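Colleague: please work out how this folds:
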Amino acid sequence: MTASVRARAAALPAWAWLAAIVVLSILFRVVLARRMVAPWIMVDELIYSELAKSAAAHGTFLIRGVPAHGFGFVYPLLSAPAFRVASVPTAYGLAKATGAIVMSLAAIPAYLLARRVVRPPLALFVAVLTLAVPSMVYTGTLMTETAFYPLFLGCALALVMTLERPTLLRIVVLLALTMLAFLTRAQAIAIVPAILTAPLFLGRRRLNEFRWLYAIIVAGGVLVLLWEGVHGRSPRAALGAYQVTTSTHYSAASVLRWLVYHVGELDLYVGVAPFAALLFLLTTRERRSPLVAAAVSMTAWLLVEVAAFASTQSQRVEERNMFFVAPFFFVALCWWVERGLPRPRAAGVCAVIAAALVGAVPYSGLINGNATSDTLALLPLWTLQDTITTLDQVQSVVVGCAILIAVLLLLIPGRFAIVLPSLVLVLYAAALWPIEANPHGGVQHASTGALYGGTSMPDRDWIDARLGRHARVAVLFDSRVMDKFTVWTNEFFNRSLRTVYDVAGPTPGALPETPVHIDPETGRIAGIAEPYLLTTRSLQLDEPEVAADAAKGLAVYRIVRALGVKSATDGLYPDDWSGPTATYTRFRCHTGQTLYATVGGDSSLIDGPSTVTVEGMKLQVLPSSRRTLVIPLHADGSRCVVHFRISPVAVPAEVQPGSTDTRVLGLHFFAFKVT
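Modeller: Numbering: from 1, shown residues only. Prediction:
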């Protein structure tokens, strides 16, 4: 860079650089978000998309036509304009772009926080790091994280300003932002105890300045209790969908264990050096500064909240719920750099603690599919485990790298201190590919899996394209043979899907749906009022097809008569393998019809012939071959029932090397046909 270029760059005001950082982040994240082809953090993304669709269409908050309570409505309102367009695939892209815009705004409060202690260049570096964190990948999802990140940092900025000078206006702004954050995510309740404890860091002499802050919070708490009481609800109802967490028994030992795990993972997430920096500031006189008071209070309470949740609900590190505090650590590191990187003995102790804490995380038990949505910092380690080291060695490698960073922190000359935040930025850049594209746990892979787990159609809104988005189409879910994504993905992309029914247990996620039953005598299904029905072809509905996804075995039926199935099976697994027995039932059947059942075996499972006993006949099926069994049907009332008994049977895990399938299997039933 020439001297003239440097001079022109230096002449630009800081706000222009900050605006450029935000705009570049938006553009970059929009490009990456285009690679997300379908929602994949389920059922969260489905919930918030349903709320956004409902708000856009009716100004209400409904999920599958049922009023929704307890979910934050700020994010659905932000994304609702996108869903006013006709095509859901187009709306999906616009909603992700909205998320990229909103989440990138987190750079502004992060910059303003940093400006309270460092000069503009380093404050801009904090803004860059704030938008480089791995969790910015959530701009490609329909999740509240995109709105909560800037709001959380806005609350932190308001808290710092209140701690500096607690005027009534600043207190009101702080509490208003906290309420807005709560209406985005109930998790923001942790900000309230942080507000109450932050003034304690400033010393006893200043506590009297915050009497209005405490009075307003206490009065607000009383009003909430009165409001819930007047409406006949428990005070816990104020937490909405998260009130279940208040009725759970918490073990102090378990919460403490998960707190250590979360602290260690947060240390890893921010790159060790920033973590050591905040620890070091706690040993200096800056520990009584408003910025440190706010950062430590908000971090501590958020970590305790998340650790308590993880100890009873998820049993995994919930990085997704705590990454919002990362900019505090970036500010601490740049503050330390601004001061010339002084390193008294306390700095060495803090560096050692930061290097050691990353070793407290049980990586071997956490590097799995759950990390894709919740613990992004582990995905690069998954790639490491795939290519360089073993799973058991990951912890040693991580600790070794942390030690190297700690040594660099302690030995690098002060004039080169900018290398430390630059190193964090390099680590984030290196982590981008495994987080985005790792074939095991990358988010693009997860998104593609969600799409093709639900549909194989080239047009994701194929049902709307065939019937129109105002059609009334129901989904009939059969958990025995249908993947959950065949409901969720098709429901998301097709506005015409309005209601979900189930015949063998609900879809996961506890969303509103209605159980229905197949009458065992007639095969009739009562209780479905919609004129069209999406379900698996395996149910063999006795209705005309109007559209089909043949690869997924799905079809949309037009209901023209009393709804019922032609036949049903029992004793078959979802992949159509049988156990030792199986039953085929044909409804509205009469004596004289014939069943053709095509079956086959697998020589790697059973290396000899299999015997099928059916209707008094014993028929043999050779290994690794198919045979069509011809079985005369005999009516019992209005139905025909055929019982199959198969021998021998085998367990794949016991006879096939490397198999983990513990089912007892007999034969594969490929097809049933009645003439």
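
Colleague: surely Val565 and Leu541 touch.
Modeller: Yes. Contact status for Val565 versus Leu541: in contact at 5.9 Å, counting by Cβ atoms under 8 Å. Bear in mind the C-beta positions are built from the backbone N, C-alpha and C, glycine included.

Colleague: more neighbours: the two, which one.
Modeller: It is Val565, of Val565 and Leu541, that has more neighbours when counted by other Cβ atoms under 10 Å, with 24 against 21.

Colleague: chain neighbours aside, what residue packs nearest to that one?
Modeller: Among residues not flanking Val565 along the chain, Gly523 sits closest, at 4.7 Å (Cβ to Cβ, 6 or more residues apart in numbering).

Colleague: for that neighbour, give me the pLDDT.
Modeller: Note for Gly523: predicted pLDDT of 90.

Colleague: check contacts around it.
Modeller: Residues near Gly523 by Cβ atoms under 8 Å, 6 or more residues apart in numbering: 542, 564-568, 585, 587-588, 639.

Colleague: swap in Ala474?
Modeller: Ala474 neighbours (Cβ under 8 Å, 6+ apart): 497-501, 528, 530, 532-534.

Colleague: which one (most neighbours) among the residues you listed?
Modeller: When neighbours are counted by other Cβ under 10 Å, Leu534 leads these with 26 neighbours.

Colleague: check which helix or strand that residue maps to.
Modeller: Using DSSP states H and E, Leu534 sits in strand 532-536.

Colleague: count of neighbours near the residue nearest to Asp464 when sequence neighbours are not counted?
Modeller: Among residues not flanking Asp464 along the chain, Asn494 sits closest, at 4.8 Å (Cβ to Cβ, 6+ apart). A count of nearby residues for Asn494, using other Cβ under 10 Å, gives 26.

Colleague: one more: Gly203?
Modeller: Close neighbours of Gly203, defined as other Cβ under 10 Å, add up to 10.

Colleague: I figured it hits Arg288, correct?
Modeller: Yes. If you go by Cβ under 8 Å, Gly203 and Arg288 touch, sitting 5.9 Å apart.

Colleague: quick one, domains of the chain?
Modeller: According to automatic domain parsing, the chain comprises the domains 251-454, 457-565, 568-674.

Colleague: for Thr90, find the nearest of the ones you listed.
Modeller: Thr90 sits nearest to domain 457-565 of all the domains of the chain, at 9.4 Å, using Cβ to Cβ.

Colleague: so how far is the closest one from its chain's centroid?
Modeller: Relative to its parent chain, domain 457-565 has a centroid offset of 25 Å by Cα atoms, centre = their mean, to the nearest Å.

Colleague: first-to-last residue distance for it?
Modeller: Distance between the boundary residues of domain 457-565 (Cα to Cα, to the nearest Å) amounts to 25 Å.

Colleague: next one: stretch 635-644
Modeller: 17 Å.

Colleague: what comes into contact with that stretch?
Modeller: 521-523, 571, 578, 581-591, 593, 595, 597, 612-615, 631, 633-634.

Colleague: drop anything exposed from those.
Modeller: 523, 571, 578, 582, 584-589, 595, 597, 612, 614, 631, 633 (16 or more other Cβ atoms under 10 Å).

Colleague: which one of these is nearest Ala253?
Modeller: Distance ranking of the buried ones among the contacts of stretch 635-644 against Ala253, using Cβ to Cβ, places Gly571 first at 45.4 Å.

Colleague: quick check: pLDDT value at that closest one.
Modeller: 88.

Colleague: ok so, going back, so which of the domains of the chain gets nearest Val85?
Modeller: That would be, of the domains of the chain and by Cβ to Cβ, domain 457-565, which comes in at 10.8 Å.

Colleague: if we can go back for a sec, the buried ones among the contacts of stretch 635-644 in strands, which ones?
Modeller: Mapping those onto strands (DSSP state E) picks out 571, 578, 582, 584-587, 595, 597, 612, 614, 631.

Colleague: so where's the stretch 1-150 of the chain shaky on pLDDT?
Modeller: For the stretch 1-150 of the chain, the stretches flagged by pLDDT under 70 are 1-10.

Colleague: any chance you could list what contacts stretch 552-563?
Modeller: Taking Cβ under 8 Å, 6+ apart as the rule, stretch 552-563 contacts 454-456, 463, 466-467, 473, 481, 486, 490, 524-526, 528, 530-538, 541-549.

Colleague: can you count the residues close to Arg415?
Modeller: Every residue meeting other Cβ under 10 Å relative to Arg415 is counted, giving 8.

Colleague: surely it forms part of a helix?
Modeller: Yes. Assessed with DSSP: H, G, I helix; E, B strand; the rest coil, Arg415 lies in a helix.

Colleague: shouldn't Ala308 be in contact with Tyr250?
Modeller: Yes. Between Ala308 and Tyr250 there is a contact under Cβ under 8 Å: 5.7 Å.

Colleague: many thanks, I have nothing further to ask.
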